[in-house]
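Q: need a structure here:
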Amino acid sequence: MSRITAVFFLLIAFSAAQAEGPVVSAPDLALNNVAFDVAIDGVASSTPVSLQVGSYRAESVSTAEGSVLFTDVVIAESGNAEILVQVAGMPTVSQPLRVLPGWLSVTPPLIAILMALLLRNVIPALLVGIWLGAAALRSFTPQGIFTGLLDSFQVFVVGALADADHAAIILFSMMIGGMVGIITRNGGMARIVEMFVSRAKTAVSGQVSVWLMGLMIFFDDYSNTLVVGNTARPLTDRLSISREKLAYIVDSTAAPVVCIALITTWIGYEVGLIGTALEQIPAIDAPAYTVFLNSIPYSFYPIFAIVFVLAVAVSGRDFGPMYRAEQRARAGEVAPLSSEELPAMQGDNLEAKPDVPFRAWNAFVPLLVMIATLLIGLYATGSGDELMDIIGSADSYKAMLWASLLGALTAAVMSVAQRILTAEETVDAWYGGVRAMLFAMIVLVLAWALSSVTEALHTADYLVSILADSLPAPLVPATVFLLSAVTAFTTGTSWGTMGILMPLVVPLTWAVMGVSGMQDPEHMHLLYSAIACNLAGAVWGDHCSPISDTTVLSSMASSCDHIEHIRTQMPYALLVGGVAMAAGTIPGGYGVSPLISLPIGVLLLIGVLRYFGRVAGQEPATGASG
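A: Next up is the predicted model:
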């Protein structure tokens with residue numbers, strides 16, 4: 001009787017499974033001529049399965065687990081399509097699919113960037129970009145355009161705020177602002193400035209001092225940007241250095257330093273991505289951190305960016321919009337004229353309280369507490385036997401939150417304990433610092449929302465599809481560099497670019513090396529260079545993009561008009577990126593050692609600066625920076 005019952009229930013379960021049919025997992029939206037995958041589950045073992053999407057047809061047999069995966073599904077036609085799945089003995093299962101032209105996926109970020117440059121105001125540009133992308137995800141009908149407007153706020157902006165990592169960055173940035181507000185009000189920041197001013201007597205020495213400060217905070221780019229920008233601004237203002245120059249030094253010594261230092265929050269993230277990508281290549285058994293270390297000499301853009309900042313600072317020479325900004329600053333106008341100045345660290349209670357003692361430790365101790373807490377937090381939240389395994393697995397956002405909280409609390413307790421500030425004055429100073437961050441936080445949220453839109457539109461997949469075909473192996477690193485730069489420029493996120501492209505870059509490079517017969521130790525430099533170019537290209541694109549979060553933070557911390565920062569920094573970033581490609585990445589693909597490329601690139605940069613650069617203050621000021 002029990003056997004009959006068991007068979008009966010098995011028949012019922014089989015019949016139910018048959019009634020339900022296969023489960024199809026496929027995107028709701030695709031781009032024409034850009035490959036995507038379709039997964040089918042709930043199929044009996046070894047059952048024939050056929051797939052039809054438009055003119056695309058394919059057949060396969062289910063695995064022992066009852067699943068089928070169709071990879072590299074490509075549709076040439078745009079418009080509404082239908083995914084049809086036929087399993088032997090079952091009714092046909094259909095699922096709708098919208099297919100958009102590939103070029104449409106890059107339109108929203110490009111329009112946002114163009115509007116930001118033309119209007120010199122990033123918020124309406126971001127809003128229009130998000131709206132256009134959300135409308136494309138719906139349809140370009142009156143109803144779709146209106147629904148896209150609602151989705152741009154209700155779906156994408158809310159999604160950007162609801163992301164736990166984004167919330168951590170917002171809270172971290174605001175707590176950093178609050179801490180800076182307190183150590184500014186209690187006189188600690190003024191004493192630090194006095195210490196630098198005592199050594200920095202000229203604009204040249206002031207710029208070198210800011211560069212050195214950028215090298216000191218090497219472990220995190222957000223900390224670097226906010227602390228250096230806010231600490232150095234009173235110094236650079238006093239020495240008649242333009243806000244644009246300060247923002248440039250801050251921006252170009254933040255991510256470039258962090259991305260090539262040995263132990264940083266970036267490196268943990270990067271090593272994790274490399275390790276995941278290497279899992280797809282059984283032939284490579286080297287540890288991910290070792291591969292990363294081998295890639296550092298090929299990180300030409302970060303290295304050249306750091307060196308070029310020093311060359312600009314030491315020589316006192318500038319060209320293009322930056323020269324005009326420096327001319328204006330030497331005439332007494334450090335902030336851009338007739339521009340929208342980011343309200344970073346400006347407002348009530350954001351200057352030293354009158355008659356307070358200027359004590360450097362009131363600023364240094366909170367900063368040291370923040371740095372120590374971050375390092376300890378990274379160690380405490382990580383796991384593994386090796387230090388880099390621990391850093392690579394650490395929860396950097398949690399450590400950043402701990403660090404910013406304890407740094408602000410330390411500043412508050414020290415101010416009250418010494419009776420420099422009352423409890424009420426301390427809270428007011430903290431709030432003044434937090435309030436000064438609100439504008440930049442709005443821009444950050446909108447930039448993240450636009451990044452989500454580009455992800456939904458498969459912008460990165462489209463960029464890969466148009467650049468990845470028929471690549472000569474020596475040019476793979478240069479192509480990766482350009483692809484990463486364009487992706488970071490249009491999406492505004494270097495971390496997102498690395499996360500999107502690294503799983504594609506490593507196997508793509510290895511596959512091209514295989515086609516060219518170069519999968520041997522002698523040609524491993526191609527893989528190292530491609531990995532470095534994914535990171536370096538992302539940083540380069542970030543430096544040129546008006547929707548980049550770190551670029552926004554640099555403008556904010558320097559209290560500089562954001563678009564003026566982009567306009568003055570872009571010629572320098574383009575020059576350094578061009579030299580990195582011409583002197584480093586392309587020759588490196590053909591086997592030229594970085595030991596040769598690095599000094600040649602540095603000499604080229606110094607030569608261009610000396611030939612085209614002029615020293616501000618030796619000619620009459622031209623007024624505005626543009």
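Q: Show me where the stretch 501-626 of the chain has its strands.
A: All strands of the stretch 501-626 of the chain, identified by DSSP state E, counting those that start in this stretch, fall at 614-615.
Q: quick one: low-confidence ranges for it?
A: Scanning the stretch 501-626 of the chain with the threshold set as pLDDT under 70 gives 618-626.
Q: can you check the stretch 251-400 of the chain too?
A: The stretch 251-400 of the chain contains residues with pLDDT under 70 at 263-265, 267-268, 337-351, 388, 391-392.
Q: all strands in it, in order from the N-terminus.
A: Using DSSP E, counting those that start in this stretch, strands in the stretch 251-400 of the chain cover 317-318.
Q: Where do the helices of it begin and end?
A: 255-260, 265-278, 288-295, 300-315, 321-330, 361-381, 387-393, 396-417 (DSSP state H, counting those that start in this stretch).
Q: List the buried residues of the third one.
A: If you call a residue buried by 16 or more other CB atoms under 10 Å, then helix 288-295 has these buried ones: 288, 289, 291, 292, 294, 295. Heads up, the C-betas are built off the backbone N, CA and C, glycines and all.
Q: can I assume the second one is in contact with residue 271?
A: Okay, so that is residue 289. Yes - at 5.2 Å, residue 289 and residue 271 qualify as touching, with contact defined as CB atoms under 8 Å.
Q: got a list of what the residue most central in space within the chain touches?
A: For the chain, residue 494 is the residue whose C-alpha lies nearest the centre (CA atoms, centre = their mean; 2.3 Å). Contacts for residue 494 (CB atoms under 8 Å, 6 or more residues apart in numbering) come out as 255, 488, 535, 538, 539, 541, 542, 548, 550.
Q: The first one: what's it in contact with?
A: Applying CB under 8 Å, 6+ apart to residue 255 gives the contacts 221, 266, 302, 494, 539, 542, 543, 550.
Q: Distance of the second one relative to residue 69?
A: To tie it back to what came earlier, the one meant is residue 266. For residue 266, the distance to residue 69 equals 33 Å [CB to CB, to the nearest Å].
Q: Which one's more surrounded, these two?
A: Under the criterion of other CB atoms under 10 Å, the comparison of residue 266 against residue 69 puts residue 266 first, with 23 against 13.
Q: who's in contact with that one?
A: By CB under 8 Å, 6+ apart, the contact set of residue 266 is 220, 221, 255, 258, 259, 495.
Q: Using CSV, lay out those residues together with distance to residue 458.
A: Formatted as CSV, these follow (distance: CB to CB, whole Å):
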residue, distance to residue 458
220, 31
221, 27
255, 26
258, 29
259, 26
495, 19
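Q: between those, which is nearest residue 453?
A: residue 495 (16.9 Å; CB to CB).
Q: For the closest one, which non-adjacent residue is spatially closest?
A: Nearest residue to residue 495 in three dimensions, chain neighbours excluded: residue 269, at 6.6 Å (CB to CB, 6 or more residues apart in numbering).
Q: What about the one you found, how many residues nearby?
A: A total of 19 residues lie near residue 269 under the criterion other CB under 10 Å.
Q: surely it meets residue 502?
A: No - taking contacts as CB under 8 Å, residue 269 lies outside contact range of residue 502: 9.9 Å.
Q: hang on, the earlier thing: will you turn the contacts of residue 494 into JSON lines that also has distance to residue 582?
A: Compiled in JSON lines, these are given as follows (distance: CB to CB, whole Å):
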{"residue": "255", "distance to residue 582": "22"}
{"residue": "488", "distance to residue 582": "20"}
{"residue": "535", "distance to residue 582": "19"}
{"residue": "538", "distance to residue 582": "19"}
{"residue": "539", "distance to residue 582": "18"}
{"residue": "541", "distance to residue 582": "18"}
{"residue": "542", "distance to residue 582": "21"}
{"residue": "548", "distance to residue 582": "24"}
{"residue": "550", "distance to residue 582": "25"}
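Q: farthest pair in these?
A: Greatest spatial distance in those: 535 and 548, 14.8 Å, computed using CB to CB.
Q: These two: who's more crowded?
A: More crowded of residue 535 and residue 548, by other CB under 10 Å: residue 535, with 32 against 26.
Q: Chain neighbours aside, what residue packs nearest to that one?
A: Distances taken as CB to CB, 6+ apart place residue 259 nearest to residue 535, at 5.5 Å, with adjacent residues excluded.
Q: From the recorded domain assignment, give the ranges for this protein.
A: Listed domain ranges for the chain are 18-100, 104-162 (source: automatic domain parsing).
Q: Now those in a markdown table, please, with extra columns for distance to residue 236 and mean pLDDT.
A: What follows is the domains of the chain, written out as a markdown table (distance: least, CB to CB, whole Å; pLDDT from 0 to 100):
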| stretch | distance to residue 236 | mean pLDDT |
| --- | --- | --- |
| domain 18-100 | 46 | 85 |
| domain 104-162 | 22 | 87 |
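Q: can you pull the contacts of residue 161?
A: So residue 161 contacts 167, 445 (CB under 8 Å, 6+ apart).
Q: Share the number of residues neighbouring residue 364, please.
A: Residue 364 is flanked by 15 other residues according to other CB under 10 Å.
Q: and if you look at residue 400?
A: Neighbour count of residue 400, defined by other CB under 10 Å: 26.
Q: tally of neighbours for residue 283?
A: Using other CB under 10 Å, residue 283 has 8 other residues around it.
Q: Also the one 3 residues further on?
A: Summarising burial for residue 286: neighbours were counted as other CB under 10 Å, giving 12.
Q: show me what contacts it?
A: By CB under 8 Å, 6+ apart, the contact set of residue 286 is residue 278.
Q: Now it, what are its backbone angles?
A: phi -70, psi 140 (degrees, to the nearest 10).
Q: distance of it from residue 480?
A: 19 Å.
Q: What are the boundaries of the helices in the stretch 501-626 of the chain?
A: Using DSSP H, counting those that start in this stretch, helices in the stretch 501-626 of the chain cover 524-544, 549-558, 562-579, 586-589, 594-612.
Q: Could you identify which of those helices is most buried?
A: Mean neighbour count (mean count of other CB atoms under 10 Å) peaks for helix 549-558 among the helices of the stretch 501-626 of the chain, with a mean of 30.
Q: got the CA coordinates for stretch 25-39 in CSV?
A: Only the C-alpha atoms of stretch 25-39 are listed here, as CSV (Å, rounded to 0.1, in the frame of the first residue of the first chain):
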residue,chain,number,x,y,z
SER,A,25,14.8,33.7,-16.7
ALA,A,26,15.6,36.4,-19.3
PRO,A,27,15.9,40.2,-19.3
ASP,A,28,12.9,42.4,-20.0
LEU,A,29,15.0,44.7,-22.1
ALA,A,30,17.8,44.0,-24.5
LEU,A,31,19.9,45.9,-27.1
ASN,A,32,20.1,44.9,-30.7
ASN,A,33,23.3,43.1,-31.7
VAL,A,34,24.3,42.9,-28.0
ALA,A,35,24.4,39.4,-26.6
PHE,A,36,22.3,38.3,-23.5
ASP,A,37,21.5,35.0,-21.8
VAL,A,38,18.3,33.1,-21.4
ALA,A,39,18.1,30.4,-18.6
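Q: If anything else comes up later, I'll come back, but that's it for now.
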